[in-house]
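What follows is a predicted protein model with its sequence.
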Amino acid sequence: MTKQSHSPGKRFREALANNHPLQIVGTINAYTAIMAEKIGHQAIYLSGGGVANASYGLPDLGMTSLNDVLADVQRITAASSLPLLVDIDTGWGGAFNIAKTIRDMEKSGAAAVHMEDQVAQKRCGHRPNKEIVSTQEMVDRIKSAVDARTDPDFFIMARTDAFAQEGLEKAIERARAYVEAGADGIFAEAIQTQAHYEAFAQALDVPILANITEFGKTELWNKAQLGQWGAAMVLYPLSAFRAMNKAAENVYQSILETGDQKAVLDTMQTRMELYDYLGYHEYEQKLDSLFADKK
Ligand SMILES: C[C@](O)(C(=O)O)[C@H](CC(=O)O)C(=O)O
Ligand SMILES: [Mg+2]
């Protein structure tokens, strides 16, 4: 990881300005963050669902705490210099808790967060029976967040889950109120069609995020289409995680059934590939040159 002169928030805003739209890929841990960076991505994401599922073996139902998520944020920002967008669910409490969440996220090297208008007992945005708080309550959440940041470039995105319950017009009305309260961008959760994306983009003059999560309510629209429809960011929150899980499932099954790994070896990253992403050989050379006299 190279030292950066700009703040994480500033780098997120630069990535946004330079990519139309900006693709933001989910990285469930430090190693995949390194992979995404070396492959050439410009921004990465820590999914709330991902932290719950991968780090704690829990469903995405608001059971993980601020500290649970911070632990993963710190691991990722220590390993990668890419700007990291973090899912902070509903912000973990009232005004003072949200302010603390923002300060802790900034201190841990996050570049951006998204906070949603669901009740604290939240659900995945692509599942039925979500409940949302009043517009006023969400506006207060956003004001607390914006007031708490110390870096004016730290990017605070408001996510609205209102489309499922209240429909397009009301969801856009809420988004307008959230922008007025200071939100830097809008995450329009679980909208579905070209008309939906265009309506959000035309109604608001802040960047709009399209959440292209698999097996949910949204089709796997291409970034070119989404860009034409006005989306400034395209999120792939759990894509690599789902693929990793499927690969692991196959490996566990195959080892049990066949007694060795031969049938699944070509689905594995090799030792050299693993090391290349880590810069393993540079570490080894350093060891050799520092302690050459011990040989
Ligand atoms: C983006 C999201 O909030 C997440 O935690 O990754 C989820 C993604 C998913 O469950 O597919 C969401 O859309 O609620
Ligand atoms: Mg989430």
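Nice, I can see it. Ligands and ions are numbered 1, 2, ... in the order given.

Point out where the stretch 101-250 of the chain drops to low pLDDT.
Counting by pLDDT under 70, not a single residue of the stretch 101-250 of the chain qualifies.

Please list the residues of it that sit near ligand 1.
Contacts of the stretch 101-250 of the chain with ligand 1, taken as Cβ under 6 Å from any ligand atom, map to 124-126, 211, 213, 216, 237-238. In short, each C-beta sits where N, CA and C put it, glycine included.

hey, where'd the helices end up in the chain?
Assigned by DSSP state H, the chain shows helices spanning 8-18, 30-39, 48-50, 56, 66-79, 95-107, 135-148, 163-180, 194-203, 223-228, 239-258, 271-278, 280-290.

Relative to residue 113, which of those is closest?
With Cβ to Cβ, the closest approach to residue 113 among these belongs to helix 95-107: 5.5 Å.

other SSEs contacting that closest one?
For helix 95-107, the contact count by 3 or more Cβ pairs under 8 Å, 6 or more residues apart in numbering; DSSP states H and E identifies helix 66-79, strand 112-116, helix 135-148 as packing neighbours.

Just the CA atoms of it, as CSV, please.
As requested, C-alpha coordinates have been extracted for helix 95-107 and formatted as CSV (Å, rounded to 0.1, in the frame of the first residue of the first chain):
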residue,chain,number,x,y,z
ALA,A,95,-28.0,11.4,17.3
PHE,A,96,-24.9,11.0,19.5
ASN,A,97,-24.4,7.4,18.5
ILE,A,98,-24.5,8.3,14.8
ALA,A,99,-22.0,11.2,15.4
LYS,A,100,-19.7,8.7,17.1
THR,A,101,-20.2,6.2,14.2
ILE,A,102,-19.1,8.9,11.7
ARG,A,103,-16.0,9.9,13.7
ASP,A,104,-15.0,6.3,14.3
MET,A,105,-15.4,5.5,10.6
GLU,A,106,-13.3,8.5,9.6
LYS,A,107,-10.6,7.6,12.1
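
Next, the angle helix 8-18 makes with it.
Between helix 95-107 and helix 8-18, the angle formed by their directions is 80 degrees, by axes from the mean of the first three to the mean of the last three Cα atoms, to 10 degrees.

Quick check: buried residues in helix 95-107?
The neighbour-count criterion (16 or more other Cβ atoms under 10 Å) identifies 98-102, 104-106 as the buried residues of helix 95-107.

ditto for stretch 58-72
Judged by neighbour count using 16+ other Cβ under 10 Å, the buried positions of stretch 58-72 are 60, 62, 64, 66, 68-70, 72.

Same question for stretch 205-222.
When neighbours are counted by 16+ other Cβ under 10 Å, the buried residues of stretch 205-222 are found to be 207-213, 216-218, 221.

Give me the distance between the two termini of that stretch.
When the termini of stretch 205-222 are compared using Cα to Cα, to the nearest Å, they are 22 Å apart.

which residues touch it?
For stretch 205-222, contacts defined as Cβ atoms under 8 Å, 6 or more residues apart in numbering pick out 16, 21, 24, 114, 124-126, 157, 159, 164, 179, 183-192, 197, 200-201, 226, 230-239, 242.
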